[in-house]
Structure formats: structure tokens, C-alpha cells
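In: this is the structure alone, sequence omitted:
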């Protein structure tokens, strides 16, 4: 999430407009440090899987070596034989063609981790930590590593500030629709550069700011008690035998036969806690999480016990399911992830530039020309006591980070 703190191109004489401008300026400045942190971590979270791919060689495969569907049963069998894997939880399909499949495991001491498997051969390529770039960035962005019931509302409250800046930007930037192709004027002082950048980035990002704000508000109200009803589920009958991971091929075949159009993204592995096999993935419903399309199978008899379709969700459930795909932009693969990442960077720049404009306006009244280096000092001073709240919240996120590594 980010703030749009656009400044008018000329002094605003009317008192009502000045009030709107003051509101816009205050919201965009006082918590700009915290806003920038949340926006930037969210932007990186969009490509967090790719960051893990860069940092972990075992997560990579050659796309030319991948043929046919994911060898789910073979992966499960090989993972169960891997030293250190005391329990298998589930298998995730590769994120893209150059990615390995990922198996969530529990070690003997109860800690979590990953195994990376070639999607075609099922060969285990190596191990990975439970806490990687994706986990760190998602937790930081979503709830600052705090307990979810506290962290999500704190971060989600920024969405209301976003809505305020979104609405007020139409008042403080007169005839904003003319700004889509106004260039950034170089060769002038820092105040002019920041102002031109802010207005240009702001008008192009209006749709994106509104989208992030609305999904952020949803996360806020959802955590405070407006969560959607749970999806239909089925539990195993008492006494259901736990089959070995290598014996789930029949259950997977039965599930795919019962749900022929399902693009499987996740397969659960039978355990004492849940002896059923569950497949989830993408089907015909758009903008829903993979869990919305599921099929449950008893691996002892290969009997399909339940099949769910994302198109059957209630309106409340559908809104809940839409939030994540729209917020992080993963619903269209790289066709949406790349634009979401780029507009996230723009929003980060908006948050910084909005605060810089205010600080440089103050400096401009006393000194000409205004230098770029003065903007950051002015931003820090302009936040006043509110800067310490931002520092505290960001500091808590980093202070609680080590607890992630104990999971």
C-alpha cells in the first residue's frame, strides 16, 4: 500500500480546497516511513518466489528437462525416503517452468522445512529452509511478525489512509486527467523534480492504489470478525488406515478422473492427522484461491468423498477469495505479477515523494535552489512525533523475526 500526496500546480485560494490539501499532506507525511516500509515489502512479496529461486540453487530446474504432468506420487515416495523427513505434509506444483516442485516436511524435532523435487522424475534435488524470502516478506508485509490478530489490523489500518489520499488527490490536483503525459522536468531543483514525478506516477497509479486500498480494508475487517464461512470439507472415517506416500498414485488418478479439468497445484500426503488425499488447484472460477477447487479421496479405496467448485461459493466467500489474487497479482502468472511489481515500485515512490514534496516546500521558502539531499532530512523532521511510531512498528517486525526460524 502507498500514499498519493500530490501537490497542486499553483496555490489554492479557496479555504475548502486548502483544508483538503492539508488533510492530504498530513496523511501522506506523518506515517510515510511506515507506509513506505509496508508498500515496499509488499512489492517484494509479489516476486518473493523468484527471490527464493535466485538464492536457492536446489529450487531450479532446466525447463527443457520437464515433460508431462507433475509426478506427484513419485515425488511423495522419494521424499518419504529422504533422510531427515520425519513427516510429509504436502506437495506444491512448480511456480513456473524453471522451478522444482516443493514438498513441505517436518523434521524429527518438529520444525518445518522443504524438499525440492524435479517435477518429472521426482528426484529430490535438495533441501530448503522453511523461512526463506517468501516467508519473511509475506509475514513482514501482512502482520509485522506479530500475532495475526494484532498485526493484520495494524497494517490494514493503512488502507484507510490510502483511501483518504486517493479521494483528496482529485481535489488537490486540479484537472488531474491532463497529467498522464506531462513529462518530468529535469535540470531544475529537487522540489520541481519530486513534484513532477509524484503527479505523473500518481495519475497512472490511481487504479492500483484504489485496488490495494480496498483489499487492505477487507483484510482489516476480515480479521476483526467478518471472515467468510469455511469451504466444505470432509473428514476421514474413524479407523481409516494411513497409506504410505508411495501408495497415493491410485487416489490421485481417481481424483483427476472425477475432476478432469482441475489444474492441480497442491496434493496433500496422508498422515495420522489426516489420512485422506486432497488435491486443490485452478478450475473455471476466476480470482479464487486454489483451495476453492478441491477433491478429497480415501487412498485405501480410491473413493472420491467430496468435490468442491469455486463457482459455487457464496458472495461473501467469493470476496474473501478474491482478495489475495488481486492484492498480490498472481492470478495471471507473470502477465500480472510483473505489472503488480512495477506499480508497487511506483507506489513506494509515491509514498517517498509525497513526504519529500512537503519538506522541500518548507526549505524552498528559505533557500534557493533546493537540493535533493535536503528532502530526506526534511521528511524525517516533518513527520514529527509520528516518526517514532513508524520506527517502533518497523522495529517490532525485525525484533520478532527470529521467532520465525523456530517454526
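Out: Structure received. Note that the coordinates shown come from a computational prediction; the quantities given were computed from them, not determined experimentally.

In: state the pLDDT value of the nearest residue to residue 334 once chain neighbours are set aside.
Out: With C-beta to C-beta, 6 or more residues apart in numbering as the criterion, residue 334 has its nearest non-adjacent residue at 7.4 Å, and that residue is residue 96. All C-beta spots, glycine's among them, are computed from the backbone N, C-alpha and C. Note for residue 96: predicted pLDDT of 95.

In: show me where pLDDT drops low in this structure?
Out: Counting by pLDDT under 70, the chain has low-confidence residues at 1-17, 186-191, 358-378.

In: in a strand, residue 90, correct?
Out: Yes - looking at residue 90 with DSSP: H, G, I helix; E, B strand; the rest coil, it is inside a strand.

In: over to the residue nearest to residue 334: give its phi and psi.
Out: phi -150, psi 180 (degrees, to the nearest 10).

In: please apply the same query to residue 268.
Out: phi -80, psi 150.

In: quick one: residues contacting it.
Out: For residue 268, the contacting residues are 89-90, 274, 276-279, by C-beta atoms under 8 Å, 6 or more residues apart in numbering.

In: related to what we said a few turns ago, around the residue nearest to residue 334, how many other residues sit close by?
Out: 12 (other C-beta atoms under 10 Å).

In: what's the neighbour count on residue 265?
Out: Neighbour tally, residue 265, other C-beta under 10 Å: 19.

In: strands paired with the strand or helix carrying it, and their directions?
Out: Using DSSP states H and E, residue 265 falls within strand 263-268. Here strand 263-268 is paired, per DSSP bridges, with strand 87-92 (antiparallel), strand 277-282 (antiparallel).

In: quick check: the closest residue to residue 287 other than its chain neighbours vs residue 261, distance?
Out: The shortest distance from residue 287 to any non-neighbouring residue, by C-beta to C-beta, 6+ apart, is to residue 322 (4.6 Å). Counting by C-beta to C-beta, to the nearest Å, the gap from residue 322 to residue 261 is 21 Å.

In: neighbour count for these two, which is higher?
Out: Of the pair residue 322 and residue 261, residue 322 is the one with more neighbours under other C-beta under 10 Å, namely 18 against 11.

In: could you check how far the more buried one is from residue 52?
Out: For residue 322 relative to residue 52 (C-beta to C-beta), the value is 25 Å.

In: residues touching the residue most central in space within the chain, list them.
Out: For the chain, the residue sitting closest to the mean C-alpha position, by C-alpha atoms, centre = their mean, is residue 328 at 4.4 Å. Going by C-beta under 8 Å, 6+ apart, residue 328 touches 42, 45-46, 340.

In: which single one of those residues is nearest to residue 355?
Out: residue 42 (18.2 Å; C-beta to C-beta).

In: quick check: phi and psi at that closest one.
Out: Dihedral angles for residue 42 - degrees, to the nearest 10 - are phi -70, psi -40.

In: residues near it, how many?
Out: Count around residue 42 with other C-beta under 10 Å applied: 25.

In: I'd say residue 36 and residue 348 touch.
Out: Yes - proximity of residue 36 to residue 348 meets the contact threshold set by C-beta atoms under 8 Å, at 6.0 Å.

In: where's the residue nearest to residue 249 when sequence neighbours are not counted, which helix or strand?
Out: Closest residue in space to residue 249, ignoring its immediate chain neighbours: residue 73 at 3.7 Å, by C-beta to C-beta, 6+ apart. Secondary structure assignment for residue 73, by DSSP H and E: helix 72-80.

In: buried set for that helix?
Out: Neighbour-count burial for helix 72-80, counted by 16 or more other C-beta atoms under 10 Å, picks out 72-80.
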